[in-house]
Structures are given as C-alpha cells and as structure tokens.
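J.: got a sequence here, can you model it:
(one chain, ligands or ions: 2)
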Amino acid sequence: MERITHSSAETEALARELAKALRPGDVLAFRGGLGAGKTAFVRGLAQAMAPDAEVSSPTFALVNEYQGQIPLWHFDMYRITSLEDVASTGFFDYLEMGGVLAVEWSEHIEPALPEGTIFITIGRPPEGGENDRIITIDGMEGRIS
Ligand SMILES: Nc1ncnc2c1ncn2[C@@H]1O[C@H](COP(=O)(O)OP(=O)(O)O)[C@@H](O)[C@H]1O
Ligand SMILES: [Mg+2]
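T.: Ligands and ions are numbered 1, 2, ... in the order given. The predicted structure follows:
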C-alpha cells in the first residue's frame, strides 16, 4: 500500500487508521532518514493505541513504552550497530511480550527483524512540496486496503 500525505497531521491520521489493523506481536520496521516522519507516524499509532501517552523520540532512552490494550514499544535504533547492541535494548525480550514494536532506524537491525515484519518506508515524492511524504507499507496485505 502506498499513500501520499501532505502534513504531519495527515501522517498521524494514516497511522491511527493503520493501528486498527495491528495485532499483538506485530513488528513495524520504519525506513527513511532523519526528518522523514517516523516519529510522527509513531505518534499517530500511540494516539490510537495509548491515548494518554506522550510521544517523543526515544533516541536517548532507546525504547519508550506506551501502555494501552495492546502495548506499543517504540525503539530508536539510530545508535545501534551490532546484534549485541540490539539485544541490550531488550528488543528480543519485547518480541515475546505480545505487544506491537515500532522500530525507527530499522535499517540498523535488519538481520534481527523477525519473519512477518511490516515495513513502513517514508520518503519524499520526487516532485512534491516540503511537507509531502510518500508512505509505503509492505506486509499488511489483506489486513488494510
Ligand atoms: N507529511 C508529513 N509527515 C510527517 N512529518 C512531516 C510531514 N510534513 C512535514 N513534516 C515534518 O517533518 C518532520 C518529521 O519529524 P520526525 O517525525 O521527528 O522524523 P523522523 O522521526 O523520521 O526523524 C517534523 O518536523 C514534521 O512536522
Ligand atoms: Mg524519529
């Protein structure tokens, strides 16, 4: 699935929509560089899944937890470079805990991503404006249209 959004608010709304189709154990692997809109997307997920939570980039904490009916764990793997580092974030433990994992900078942990990972790639359309983003979601075929 591919969508164009024209503001961070639209990206959040798309994420809230997608959140309805998420299940315990899902891993969302974000791709797209600094300022793409990964954290904006996760903010939308949290709005739907844990309405009371405050979302910030977990760059320093590495993982933020948003408690809702299905817990949402938000990772930032920007500084992660080895599988040992991945393990030290608790990623593999969280995988077993029946929540949804949203992973920024998933490019850095590609070999650690489980089968069935949902990839969300955020980029800028070639001729788009400053606030246009092209968002591609792979791995939710049959769950969203
Ligand atoms: N369509 C859009 N979707 C998401 N963010 C957008 C969009 N248009 C502009 N922005 C801006 O781009 C920036 C994205 O920041 P952020 O979500 O922190 O990116 P990342 O986590 O990928 O580094 C924010 O300043 C946001 O306001
Ligand atoms: Mg971010």
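J.: now do whichever residue of the chain sits closest to ligand 2 against ligand 1, distance only.
T.: Shortest the chain-to-ligand 2 distance, computed as Cβ to the ion: residue-wise this is residue 39, at 3.4 Å. Every residue, glycine included, has its C-beta placed from N, CA and C. Counting by Cβ to the nearest ligand atom, to the nearest Å, the gap between residue 39 and ligand 1 amounts to 3 Å.
J.: same question for residue 20.
T.: Between residue 20 and ligand 1 the distance, using Cβ to the nearest ligand atom, works out to 19 Å.
J.: could you find the closest non-adjacent residue to that residue?
T.: In space, and not counting its chain neighbours, residue 20 is closest to residue 48: 6.9 Å by Cβ to Cβ, 6 or more residues apart in numbering.
J.: which residue sits closest to residue 24 in space, ignoring its chain neighbours?
T.: Spatially, and ignoring its direct neighbours in sequence, residue 24 is nearest to residue 98 (4.2 Å; Cβ to Cβ, 6+ apart).
J.: wait, a strand at that neighbour?
T.: No: residue assignment for residue 98, taken from DSSP: H, G, I helix; E, B strand; the rest coil, gives coil, which places it outside any strand.
J.: how about the strands in this structure?
T.: Remark: strands assigned in the chain by DSSP state E are 2-5, 27-31, 63-66, 72-76, 100-104, 118-123, 133-138.
J.: residue 65 bridge partners, please.
T.: When bridges are assigned using DSSP bridges, the partners listed for residue 65 are residue 73.
J.: wait, it touches residue 73, no?
T.: Yes: using Cβ atoms under 8 Å, residue 65 is in contact with residue 73, at 5.6 Å.
J.: who's more crowded, the two?
T.: residue 73 (21 against 14; other Cβ atoms under 10 Å).
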